[in-house]
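Q: just the structure for this:
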Amino acid sequence: MKTIDRRGLSCPEPVLKTKNALEEGGGEKITVIIDNEGSKK
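A: Here you go, the predicted structure:
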């Protein structure tokens, strides 16, 4: 499992970077850490 730390980034950057990681992940499970309520939604 891969963990991605997206804390400190403002929306939509965490969402876009996470989307890219999912596309490149090849089906690997990913845990995303964020501190932005807008990104969580």
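
Q: pretty sure residue 39 sits against residue 16.
A: No - counting by CB atoms under 8 Å, residue 39 stays clear of residue 16, with 9.8 Å between them. In short, each C-beta sits where N, CA and C put it, glycine included.

Q: so between the two, which is more surrounded?
A: It is residue 39, of residue 39 and residue 16, that has more neighbours when counted by other CB atoms under 10 Å, with 20 against 13.

Q: contacts for the helix or strand hosting that one next, please.
A: Assigned by DSSP states H and E, residue 39 belongs to helix 37-40. The contact list for helix 37-40, computed with CB atoms under 8 Å, 6 or more residues apart in numbering, reads 6, 9, 11, 12, 14, 15, 34.

Q: likewise stretch 24-31?
A: Stretch 24-31 is contacted by residues 1, 2, 3, 4, 18, 21, 22 when judged by CB under 8 Å, 6+ apart.

Q: mark which of the contacts of helix 37-40 are buried, thanks.
A: Buried members of the contacts of helix 37-40, counted by 16 or more other CB atoms under 10 Å: 6, 9, 14, 15, 34.

Q: before I go, just wanted to say thanks for your time.
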